[in-house]
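In: Okay, predicted coordinates and the sequence, questions at the end:
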Amino acid sequence: TTLFRSIEGYASSRGDLGYNLDLSKRRAEWVKQTLISKGIAENRIVLAVPWGQLYPVCPELNDECWSKNRVVRFVYSPN
């Protein structure tokens with residue numbers, strides 16, 4: 001089985017830092033709840049982490065990069 005160490009939510013750099021942290025938290029929590037609703041045991045998901053705009057995939061300030069930064073990533077380890 002797989003243990004999801006974390007589900008990490010991100011946001012683009014558009015907008016306020018506080019708003020983007022909240023948005024990325026909601027993204028991570030939504031994915032966590034979706035996995036649970038699909039049968040993944042809640043105890044296999046250690047945490048859902050919001051990173052907002054702090055660690056961008058793409059640092060440029062344009063629509064293409066902003067859309068790449070609106071992601072959720074999984075950090076996991078086999079058990």
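Out: All right, it came through fine. Residues are numbered from 1 along each chain as shown.

In: Assess the claim that residue 71 and residue 23 are in contact.
Out: No - the pair residue 71 / residue 23 is not scored as a contact, 11.9 Å apart, by Cβ atoms under 8 Å. Just so you know, the C-beta spots here come from the backbone N, C-alpha and C atoms, and that holds for glycine as well.

In: quick one, longest helix in this protein?
Out: In the chain, assigned by DSSP state H, the helix with the most residues is helix 17-37.

In: which helices and strands does it pack with?
Out: Applying 3 or more Cβ pairs under 8 Å, 6 or more residues apart in numbering; DSSP states H and E, one finds that helix 17-37 contacts strand 2-10, strand 45-52, strand 72-78.

In: Run a quick neighbour tally on residue 74.
Out: A total of 13 residues lie near residue 74 under the criterion other Cβ atoms under 10 Å.

In: ditto for the one 3 residues further on
Out: Under the neighbour criterion other Cβ under 10 Å, residue 77 is assigned a count of 9.
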